[in-house]
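**Student:** what follows is a predicted protein model with its sequence.
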Amino acid sequence: MVATAAFLLAILAAAGPGHAAAADSVESMLSEESADVFLAKATLQQYLSRIVRKDWDGVRRLTHPKALAKIESGKKKVKVPGALAPWQDDSGQLKTFEFRGAKQVAPGVVMVAVGEDVYHSDDQGMSTGDPSVYLLFKSRNGFLVGDKVEGVGLGKAPGEQARNSYPGWVDHQVQAQARRTEAIRNGRHR
């Protein structure tokens, strides 16, 4: 695919300055994010919007079942109470957010960096642009929010460890498809 794109860019460049827009469109198509990153960001958009609206049932539906189980059992250790369970602690209320980056760290695992504006009712103040990284897992034919690391950006969040730290959080079909795709790329599939 890269060779085809390079070939198309070379043809468009040779065609002259009138075709620069077509070359830009091919370039933008190549730099687009993967389908998994796009879907994970769309899920997180819904999740965070529901937090802003205090739609706790909707937030729970978009939270991974294993994360909910940890929250309900009290095993979820987070720096700030309610990081993935905002219905438990309303001292910090999410007001707005912006995406700052995203990357797929493993098949079915996407990290999304967000800046959050949070109203703190205890001191009646607003913090803006608080960095957080959300970890989303492909499960139940879509993505679900599995964890949140507060106070870090995408570069500081544990990426490769996500695969080992959350065994069984990604559906088996996703893992099997990733193995098949890798085998095909490496010429081992028959």
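**Tutor:** Happy to help now that I have it.

**Student:** what residues sit buried inside stretch 34-52?
**Tutor:** 36-37, 39-41, 43-44, 46-48, 50-51 (16 or more other C-beta atoms under 10 Å). Quick note: C-beta positions are derived from backbone N, CA and C, even for glycine.

**Student:** next, the buried residues of stretch 110-130.
**Tutor:** 110-114, 116-118, 130.

**Student:** before we move on, what about stretch 145-157?
**Tutor:** Applying 16+ other C-beta under 10 Å to stretch 145-157 flags 145-149, 154, 157 as buried.

**Student:** ok, residues contacting it?
**Tutor:** Contact with stretch 145-157 is made by 43-44, 47, 62-64, 66-67, 78-80, 83-84, 100-103, 111, 113, 130-137, 158, 166, 169, as judged by C-beta atoms under 8 Å, 6 or more residues apart in numbering.

**Student:** hmm, who's touching stretch 40-49?
**Tutor:** By C-beta under 8 Å, 6+ apart, stretch 40-49 touches 33, 58-59, 62-63, 94, 97, 99, 102, 104, 110, 112, 114, 116, 134, 136, 142-145.

**Student:** what about the strands in this structure?
**Tutor:** Taking DSSP state E, the strands of the chain run over residues 92-106, 109-120, 125-139, 142-150.

**Student:** quick one: mean pLDDT over stretch 113-132.
**Tutor:** Mean per-residue pLDDT for stretch 113-132: 90.

**Student:** hmm, I was thinking of stretch 50-65
**Tutor:** For stretch 50-65, mean pLDDT rounds to 95.

**Student:** quick one: buried residues of it?
**Tutor:** Going by neighbour count (16+ other C-beta under 10 Å), the buried part of stretch 50-65 is 50-51, 55, 59, 62-64.

**Student:** output that stretch in CSV with nothing but the alpha carbons.
**Tutor:** Backbone C-alpha positions of stretch 50-65 (Å, rounded to 0.1, in the frame of the first residue of the first chain) are rendered in CSV as follows:
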residue,chain,number,x,y,z
ARG,A,50,-22.2,11.5,29.4
ILE,A,51,-20.0,12.4,32.3
VAL,A,52,-20.5,16.1,31.6
ARG,A,53,-24.3,15.4,31.5
LYS,A,54,-24.1,13.2,34.6
ASP,A,55,-25.7,10.3,32.6
TRP,A,56,-24.3,7.6,34.9
ASP,A,57,-26.1,4.7,33.3
GLY,A,58,-24.6,5.7,30.0
VAL,A,59,-21.2,6.0,31.5
ARG,A,60,-21.5,2.5,33.0
ARG,A,61,-22.6,1.1,29.7
LEU,A,62,-19.4,2.5,28.1
THR,A,63,-17.1,1.2,30.9
HIS,A,64,-15.5,-2.2,30.5
PRO,A,65,-17.2,-4.9,32.6
